[in-house]
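Enquirer: Give me the fold of what follows.
(2 chains)
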Amino acid sequence: EDQVTQSPEALRLQEGESSSLNCSYTVSGLRGLFWYRQDPGKGPEFLFTLYSAGEEKEKERLKATLTKKESFLHITAPKPEDSATYLCAARNNNDMRFGAGTRLTVKP
Amino acid sequence: KAGVTQTPRYLIKTRGQQVTLSCSPISGHRSVSWYQQTPGQGLQFLFEYFSETQRNKGNFPGRFSGRQFSNSRSEMNVSTLELGDSALYLCASSWSGQGASKIMSPLHFGNGTRLTVT
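Expert: Residues are numbered from 1 along each chain as shown, chains lettered A, B, ... in the order given. Just a heads-up that it's a prediction; the model follows:
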């Protein structure tokens, strides 16, 4: 069965403390791996799409990478405004399957 | 460009009632998907519409239905509400071209309708 698993469930960082979030997937016929950010009371906001193993995308303090089995979202020198839930999703021809998310808290 | 608009933002219903949620996609987007989000299950795919036709359907009972109009606006209906239907219902639109471009288009989400069933 197609599955997307994110770890850790929750992560608390001090401001400036870099870390990585993991997204493991077993999805047949993967066509794209997506990262989203979700703030409380809002819908997910699109961050990146990764299409093939080895691909990397960057935006400000965030960098997403993709291998054949997992994706990482690296956060460099995070700030309190980076606090949010980060969701990854794997898309094939039928649907987009989401992981449960990682809830990131960055303390000043 | 206006984003995805969902109405209403909050809704309280009692068991057994039915509810209709509305979604206006981003202008030019012809594909609309619906998701249910709960703390325990995360984001669960309900269905996807393109050009007024249901293209894919998730694993939800027949009480959950939807439709899409010629202007790409979509509605979702839940009949005979149960307590377990309490959730955030999210609508997302995407640009749909042909072939690979359709599949790789990111979803753009609205802020959802928070449904509480009592």
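
Enquirer: From now on I want contacts and neighbour counts done on CA atoms only, so please keep to that.
Expert: Noted.

Enquirer: Which residue ranges of the chain form strands?
Expert: Because you didn't say which chain, this covers chain A. With strands called from DSSP state E, chain A shows them at A:3-7, A:10-14, A:19-26, A:32-38, A:45-50, A:56-59, A:62-66, A:70-75, A:84-91, A:96-98, A:102-107.

Enquirer: Let me rephrase: I mean chain B.
Expert: For chain B, the strands defined by DSSP E occupy B:5-7, B:10-13, B:19-24, B:31-38, B:42-50, B:53-57, B:64-68, B:74-78, B:87-94, B:108-109, B:113-117.

Enquirer: Between those, which one is closest to residue A:37.
Expert: Closest of these to residue A:37 is strand B:108-109, at 11.0 Å (criterion: Cα to Cα).

Enquirer: and that closest one, anywhere near chain A?
Expert: Yes. Strand B:108-109 reaches chain A (Cα under 8 Å from any Cα of the partner chain) through B:108-109.

Enquirer: Tell me, how many residues neighbour residue A:12?
Expert: Each residue near residue A:12 was counted by other Cα atoms under 10 Å in any protein chain shown, and the total is 13.

Enquirer: Quick check, pLDDT for it.
Expert: Here the pLDDT value assigned to residue A:12 is 98.

Enquirer: any idea how far residue A:100 is from it?
Expert: In this view, residue A:12 and residue A:100 are 17 Å apart by Cα to Cα, to the nearest Å.

Enquirer: Quick one: residues contacting residue A:4.
Expert: A:23-27, A:88-90, A:97-99 (Cα atoms under 8 Å, 6 or more residues apart in numbering or on different chains).

Enquirer: Now the buried members of those residues.
Expert: Among those, those classed as buried by 16 or more other Cα atoms under 10 Å in any protein chain shown are A:23-25, A:27, A:88-90, A:97-99.

Enquirer: bridging residues for the nearest residue to residue A:80 once chain neighbours are set aside?
Expert: For residue A:80, ignoring the flanking residues on the chain, the nearest one in space by Cα to Cα, 6 or more residues apart in numbering or on different chains is residue A:106 at 4.7 Å. Note on residue A:106: beta-bridge partners residue A:13, judged by DSSP bridges.

Enquirer: do the same with residue A:97
Expert: residue A:90.

Enquirer: Is it correct that it is in contact with residue A:91?
Expert: Yes. Using Cα atoms under 8 Å, residue A:97 is in contact with residue A:91, at 6.3 Å.

Enquirer: just to revisit the earlier point, out of the strands of chain B, which is the most enclosed?
Expert: strand B:87-94 (a mean of 26; mean count of other Cα atoms under 10 Å in any protein chain shown).

Enquirer: relative orientation of it and strand B:19-24 in degrees?
Expert: 30 degrees (axes from the mean of the first three to the mean of the last three Cα atoms, to 10 degrees).

Enquirer: Quick check: mean pLDDT of strand B:87-94?
Expert: 96.

Enquirer: Which elements pack onto that strand?
Expert: strand B:31-38, strand B:108-109, strand B:113-117 (3 or more Cα pairs under 8 Å, 6 or more residues apart in numbering or on different chains; DSSP states H and E).

Enquirer: which parts of chain A sit against chain B?
Expert: So chain A meets chain B at A:31-32, A:34, A:41-46, A:49, A:91-101 (Cα under 8 Å from any Cα).

Enquirer: Now list the buried members of the residues you listed.
Expert: Buried among the residues of chain A next to chain B by 16+ other Cα under 10 Å: A:31-32, A:34, A:43-46, A:49, A:91-93, A:95-101.

Enquirer: Nice, that's everything, thank you.
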